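Colleague: need a 3D model of the sequence below.
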Amino acid sequence: MNTVIQKPFKQLRELLAGTDKTTQTILRILAAVFGGYALTSSIMAVLVVLLPWEKADVLFFSVLFPPIIYTAALIWAFAAPTAQRAWRNLLVITLFCGILALAAVWVR
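Modeller: Numbering: from 1, shown residues only. You can find the predicted model right below:
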């Protein structure tokens, strides 16, 4: 049973750590598109919950700020030394912001 669970994770780790340039490029594109979207969504959720402004100001800010975050995530996905590092950093920041947003909503 334990081997059945560990096998996909081992394959994913080998895929992310691979040196094939085509695979690394595809993984970076996926990290840029999907990781950037998740990162942008989680950061905006945190900002909407935590900003002490009026609703109109938060709405205005939330429309203007996401392209900056998404562009930064796209740049990071291709500037990272490896695709594994790009995915890891994007997901760690996304999870941190998501947990922070949930905690802020729960405290309110």
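
Colleague: contact partners for N89?
Modeller: 76, 80 (Cβ atoms under 8 Å, 6 or more residues apart in numbering). Just so you know, the C-beta spots here come from the backbone N, C-alpha and C atoms, and that holds for glycine as well.

Colleague: was I right about T94 contacting L39?
Modeller: Yes. T94 lies in contact with L39 (Cβ atoms under 8 Å); the separation is 4.8 Å.

Colleague: and the two? Which one has more around it.
Modeller: When neighbours are counted by other Cβ atoms under 10 Å, T94 and L39 differ, and L39 comes out ahead with 27 against 20.

Colleague: outside of the helix or strand where that one lies, which residues touch it?
Modeller: If you go by DSSP states H and E, L39 is part of helix 36-50. Helix 36-50 is touched from outside by 58, 61-62, 65-66, 69-70, 73-74, 77, 90-91, 93-95, 97-98, 100-101, 104-105, 108, with contacts defined as Cβ under 8 Å, 6+ apart.

Colleague: ChimeraX command to pick out the buried ones of those residues?
Modeller: A single ChimeraX command is used to select the members of the contacts of helix 36-50 judged buried by 16 or more other Cβ atoms under 10 Å:
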select :58,66,69,70,73,74,77,90,93,94,97,98,100,101
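
Colleague: about what we covered before: mind saving the C-alpha coords of the helix holding L39 as PDB?
Modeller: Coordinates of each C-alpha in helix 36-50 appear next as PDB, following Å, rounded to 0.1, in the frame of the first residue of the first chain:
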ATOM      1  CA  GLY A  36       0.900  32.400 -11.500                       C
ATOM      2  CA  TYR A  37      -2.900  32.200 -11.600                       C
ATOM      3  CA  ALA A  38      -3.000  30.500  -8.200                       C
ATOM      4  CA  LEU A  39      -0.500  33.000  -6.800                       C
ATOM      5  CA  THR A  40      -2.400  36.000  -8.100                       C
ATOM      6  CA  SER A  41      -5.700  34.600  -6.700                       C
ATOM      7  CA  SER A  42      -4.300  33.900  -3.300                       C
ATOM      8  CA  ILE A  43      -2.600  37.300  -3.000                       C
ATOM      9  CA  MET A  44      -5.700  39.100  -4.000                       C
ATOM     10  CA  ALA A  45      -7.800  37.200  -1.500                       C
ATOM     11  CA  VAL A  46      -5.400  38.200   1.200                       C
ATOM     12  CA  LEU A  47      -5.400  41.800   0.200                       C
ATOM     13  CA  VAL A  48      -9.200  42.000  -0.100                       C
ATOM     14  CA  VAL A  49      -9.600  40.500   3.300                       C
ATOM     15  CA  LEU A  50      -6.900  42.500   5.100                       C
END
